[in-house]
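Engineer: here is my input; please provide its structure:
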Amino acid sequence: MNSFSDAAFSRRVTDNQQRLKASLRDTYDYIICGSGTSGSVVARRLAENPDINVLLIDAGGCDNVPAVNDASVWFTNLGSERDWQFTAQPNRHLNGRTLGLSMGKVLGGGGSVNAMVWARGHRSDWDFFASESGDPAWNYASTLATYRRIEAWKGPRDPQRRGTDGLVFVQPPQDPNPVALAMLKAAARRGITVFEDQNGEMMEGEGGAALANLCVEEGQRRSIFRSYVYPLMDQPNLTVLTHTHVLRVLLEGKRAVGVQVLRDGQVRNFKATQEVVLSLGAIHTPKVLMLSGIGDARQLTAHGIGLVQHLPGVGQNYQDHIMVSGCIWQYEQAQAPRNNAGESTFFWKSDPALEVPDIQTFLAQIPIASPETQALFQPPADTWTLLPGLVRPKSRGSITLTGAYPMDPLNIDSAALADPDDLQALVRAVELCRDIGNSAPMRPFARREIMPGALNGRELEHFVRNAASTVWHQSCTAKMGRDEVSVVDSQLRVYGVTGLRIADASIMPRVTTGNTMAPCVIIGERLGALLTGRP
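Structural biologist: Sure, this is the predicted structure:
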């Protein structure tokens, strides 16, 4: 079913949700806070049982707008009303710059505003999750089985690794831009193996280059929310509330019994007879935990928040992928962007001694520059960009409160490039991208290099610090594990609090290798299986 075009079904959804909202219950079986990628999956798996009443809450509005639907203009959502528009604190490692941290504020969360890239993560990521949690259900073999079950893969056959009958539509870019194909040839000349599938054998070894996997069909976004939740929104047991802010978790002793929200200017409580699930993302999930009395005792006491459970890791271990925006060339002859304007990528090692890739580059068919490099180099519109990024960052930041009021801003310390190894990895990544961008396969598409040019030493480091940008993969602030700073166990239960679980990128022990949407689906599927007893 094409859920955007099926008018009869759309009317049923609208009518049903209006009825449900007109007679909101005080109590539901499960309350899911956040309709982003993981939250949508959990809501779907619970609501498949007609005897379970599910309340799905989101602060954003409707996702059925052209900027969300049209895959080619995804970037116009950034900075719009569908973006939380977070800002990190000034960072001395970025020449004192601040990073803008986009995050989806709309039904579907990040999956409704992102670049639609389906990246499973590296084999070693999932084996690390299993090692940290002590649970083999998180290892690569288990995760691979889940991917096979949920994917509707339309690319080259690989029965060992790819599924074809699931809910998630995934395919290689259709009719890719010639410049994207040229980048693969250039990568091969540099010794990077080219694979026919980004998510097959390539992500089990040293990396490689490939066309990206995209959740795009006939130019339209196929979001996780639309794939998982929307088809069930005509059911009486699934209520989806928009424009509703979760303020805190309601607790009786150390048991979560519901949530307090702000809706239509009014504070209201909803109770949960079974469990509350936080899927608010790696920035808001720790905020709600701390406002509910769950976090570091010293920080909560300083803000006059009563302590319920001392968990010093809440808001710590913040990680994000940092890219250099960017290495830019002017087209020899202008080319219109195709698909998501970012069709080809490679994963590689900044240091040959590494066992797994720590850098990733996308070719963007548009100019992408930081404000500082934009002002300095002034790239014209008819350009393409290589975006070298760090997918195994060593830097660790934090999220802390500035006050006890739910609408008080957060103090977000991204700590980007705080570890000197991260800076050097990106320096080497820029050098690699310049080699590739100036190579023979790219010459038919390159009239001239715009930026950065032949910089080296401190000049190149200065450029990287000025060009560093987020890839909007904020994660790891309520990590799964067994050490003193872990927040959830292997079953995503918040330590010391019953009836409360977390399912979003905040539970990652470390950020996965590549775009985080697909791993967040795995997180949601894992919790769905735990709550329903079904795989």
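
Engineer: for the biggest strand by length in the chain, output the C-alpha coordinates as CSV.
Structural biologist: Selection of the longest strand in the chain by residue count, based on DSSP state E, yields strand 266-278. Extracted as CSV, the C-alpha positions of strand 266-278 are listed here (Å, rounded to 0.1, in the frame of the first residue of the first chain):
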residue,chain,number,x,y,z
GLN,A,266,-2.3,22.3,29.5
VAL,A,267,-0.3,19.8,31.7
ARG,A,268,-1.8,16.4,31.7
ASN,A,269,-0.9,13.0,33.1
PHE,A,270,-1.3,9.7,31.3
LYS,A,271,-0.9,6.4,33.2
ALA,A,272,0.6,3.1,31.9
THR,A,273,-0.5,-0.2,33.3
GLN,A,274,2.5,-2.0,31.7
GLU,A,275,5.5,0.1,30.8
VAL,A,276,6.8,3.5,29.6
VAL,A,277,9.3,3.6,26.8
LEU,A,278,11.4,6.6,26.1
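
Engineer: begin at 48 from here
Structural biologist: Understood, numbering begins at 48; the last thing we discussed is strand 313-325.

Engineer: residue 171: which element?
Structural biologist: helix 170-180 (DSSP states H and E).

Engineer: now for that helix, which elements pack on it?
Structural biologist: helix 187-197 (3 or more C-beta pairs under 8 Å, 6 or more residues apart in numbering; DSSP states H and E). To be clear about C-beta, it is placed using only N, CA and C from the backbone, and glycine gets the same treatment.

Engineer: which parts of the helix it packs on are buried?
Structural biologist: Using 16 or more other C-beta atoms under 10 Å as the test for burial, helix 187-197 gives 187, 189, 190, 191, 193, 194, 195, 197.

Engineer: show me where pLDDT drops low in this protein?
Structural biologist: Along the chain, segments meeting pLDDT under 70 span 48-52.

Engineer: can you give me the helices in the stretch 448-582 of the chain?
Structural biologist: For the stretch 448-582 of the chain, the helices defined by DSSP state H, counting those that start in this stretch cover 467-484, 504-514, 564-579.

Engineer: return the shortest one as CSV; C-alpha atoms alone will do.
Structural biologist: The C-alpha coordinates for helix 504-514 follow below in CSV (Å, rounded to 0.1, in the frame of the first residue of the first chain):
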residue,chain,number,x,y,z
GLY,A,504,50.3,20.8,8.4
ARG,A,505,48.7,23.4,10.7
GLU,A,506,46.9,25.0,7.8
LEU,A,507,45.1,21.8,7.0
GLU,A,508,44.3,21.2,10.7
HIS,A,509,42.9,24.7,10.9
PHE,A,510,40.7,24.0,7.8
VAL,A,511,39.4,20.8,9.3
ARG,A,512,38.5,22.6,12.6
ASN,A,513,36.6,25.3,10.6
ALA,A,514,34.9,22.8,8.3
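
Engineer: need the residues that contact it.
Structural biologist: 140-142, 144, 371-373, 416-417, 419-420, 423, 464, 470, 473-474, 477-478, 498-499, 502 (C-beta atoms under 8 Å, 6 or more residues apart in numbering).

Engineer: what of stretch 488-501?
Structural biologist: Identification of contacts with stretch 488-501 by C-beta under 8 Å, 6+ apart yields 225-226, 229-230, 232-233, 236, 373-379, 382, 414, 416, 420, 423-424, 426-427, 430-431, 477, 481, 483-485, 507, 510, 514.

Engineer: okay, and which of those map to strands?
Structural biologist: Judged by DSSP E, the subset of the contacts of stretch 488-501 located in strands is 374, 375, 376, 377, 430, 431.

Engineer: so what's the fourth one up against?
Structural biologist: For residue 377, the contacting residues are 426, 427, 429, 430, 493, 494, 495, 497, taking C-beta under 8 Å, 6+ apart as the criterion.

Engineer: do the same with the last one
Structural biologist: Contact partners of residue 431, counting by C-beta under 8 Å, 6+ apart, are 226, 375, 376, 378, 382, 410, 411, 412, 413, 414, 492.

Engineer: residues near the last one, how many?
Structural biologist: If I follow you right, that is residue 492. Using other C-beta atoms under 10 Å, residue 492 has 22 neighbouring residues.

Engineer: same deal with the third one?
Structural biologist: Residues lying near residue 376 (other C-beta under 10 Å) number 24.

Engineer: if we ignore the residues flanking it in sequence, what's nearest it?
Structural biologist: residue 493 (4.3 Å; C-beta to C-beta, 6 or more residues apart in numbering).

Engineer: over to the second one?
Structural biologist: The shortest distance from residue 375 to any residue that is not its chain neighbour, by C-beta to C-beta, 6+ apart, is 4.2 Å, and that residue is residue 497.

Engineer: what's the neighbour count on that neighbour?
Structural biologist: 22.

Engineer: would you mind measuring from it to residue 287?
Structural biologist: 45 Å (C-beta to C-beta, to the nearest Å).

Engineer: again, but for residue 491
Structural biologist: 49 Å.

Engineer: just residue 407 next, same as before
Structural biologist: 34 Å.

Engineer: any idea how many residues pack against the residue nearest to residue 251 when sequence neighbours are not counted?
Structural biologist: Excluding the flanking residues, the one nearest residue 251 by C-beta to C-beta, 6+ apart is residue 170, at 4.5 Å. Neighbours of residue 170 under the rule other C-beta under 10 Å: 19.

Engineer: what sits against residue 170?
Structural biologist: Residue 170 touches 187, 250, 251, counting by C-beta under 8 Å, 6+ apart.

Engineer: can I get these in JSON lines including distance to residue 569?
Structural biologist: As requested, the contacts of residue 170 are exported to JSON lines (distance: C-beta to C-beta, whole Å):
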{"residue": "187", "distance to residue 569": "11"}
{"residue": "250", "distance to residue 569": "14"}
{"residue": "251", "distance to residue 569": "16"}
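
Engineer: picking up where we left off before, including distance to residue 300, could the contacts of residue 431 go into JSON lines?
Structural biologist: Listed next are those as JSON lines, based on distance: C-beta to C-beta, whole Å:
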{"residue": "226", "distance to residue 300": "60"}
{"residue": "375", "distance to residue 300": "57"}
{"residue": "376", "distance to residue 300": "61"}
{"residue": "378", "distance to residue 300": "64"}
{"residue": "382", "distance to residue 300": "62"}
{"residue": "410", "distance to residue 300": "54"}
{"residue": "411", "distance to residue 300": "51"}
{"residue": "412", "distance to residue 300": "55"}
{"residue": "413", "distance to residue 300": "54"}
{"residue": "414", "distance to residue 300": "55"}
{"residue": "492", "distance to residue 300": "64"}
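
Engineer: from these, which is closest to residue 299?
Structural biologist: residue 411 (50.3 Å; C-beta to C-beta).

Engineer: need the contact list for the closest residue to that closest one other than its chain neighbours.
Structural biologist: Leaving aside its sequence neighbours, residue 411 sits nearest to residue 432 (C-beta to C-beta, 6+ apart; 4.4 Å). Residue 432 is in contact with 372, 373, 374, 375, 376, 410, 411, 413, 414, 415, 416, counting by C-beta under 8 Å, 6+ apart.

Engineer: out of those, who's nearest residue 387?
Structural biologist: Using C-beta to C-beta, residue 411 is the member of these that lies nearest residue 387, at 9.3 Å.

Engineer: residue 211 against residue 202, yeah?
Structural biologist: No. Contact criterion C-beta atoms under 8 Å: residue 211 and residue 202 do not qualify, at 9.7 Å.
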